[in-house]
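**Q** following is a predicted model, sequence given first.
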Amino acid sequence: YGKFGKHPKEALFYTHALPLPGFLLLAPDIIAHWSILMASAPIALPVLNINIPSMLLYLIGNVLTQYLCISSVFVLTTECASLTVTLVVTLRKFLSLLFSILYFNNPFTTYHWLGTGLVFGGTLLFSDIPGLIRASREKKEKLT
């Protein structure tokens with residue numbers, strides 16, 4: 001970054017393009033699963049007036065949302081400190097976990113509550129809210 005500047009799209013491209021040849025080792029599995037995907041029950045798309053395999057539609061949705069997420073993280077890394085990026089990604093994963101728990105009606109156990117406390121405790125410590133409150137009190141005391 002220091003010498004050539006911040007280029008999140010270039011970093012995104014290289015971190016995803018360079019590993020692609022490694023997928024050739026998995027070609028038989030990918031082909032077998034593509035056949036399964038194409039054999040899934042069709043879903044009608046009323047706007048386009050076509051039927052598309054349901055798993056293909058889910059795959060397209062997943063790829064688009066993953067692209068949005070990872071490209072946003074790469075842009076964030078060029079604009080913020082790495083600790084901030086880590087915090088944002090951790091909060092995103094936490095919200096995804098909560099959504100999953102609610103959507104699939106899984107129990108919210110003691111460990112989930114412990115994890116929730118740790119995530120929000122870490123967020124509060126990082127944002128230095130106690131320091132801001134202390135500074136605000138000191139400022140008020142100086143004014144009176």
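**A** Structure received.
**Q** rest of the way, CA atoms for contacts and neighbours
**A** Will do.
**Q** check contacts around the residue nearest the centre of the chain.
**A** Nearest to the mean C-alpha position of the chain, by C-alpha atoms, centre = their mean, lies residue 69 at 5.0 Å. Contact analysis of residue 69 by C-alpha atoms under 8 Å, 6 or more residues apart in numbering lists nothing.
**Q** what's the first helix or strand after the helix or strand encompassing it?
**A** For residue 69, the element it lies in under DSSP states H and E is helix 54-79. Following helix 54-79 in sequence order, the next helix or strand is helix 82-103 (DSSP H and E).
**Q** by contact count, what packs against that following helix?
**A** On a contact count with 3 or more C-alpha pairs under 8 Å, 6 or more residues apart in numbering; DSSP states H and E, helix 82-103 meets helix 54-79, helix 110-127.
**Q** the helix or strand just after the shortest one to helix 110-127, inter-axis angle?
**A** With elements assigned by DSSP H and E, the helix or strand that comes after helix 110-127 is helix 129-143. Between the axis of helix 129-143 and that of helix 110-127 there is an angle of 40 degrees, by axes from the mean of the first three to the mean of the last three C-alpha atoms, to 10 degrees.
**Q** list the contacts of the least confident helix or strand in the chain by mean pLDDT.
**A** Sorting the helices and strands of the chain by mean pLDDT, DSSP states H and E puts helix 129-143 at the bottom, at a mean of 78. If you take C-alpha under 8 Å, 6+ apart as the criterion, helix 129-143 is touched by residue 124.
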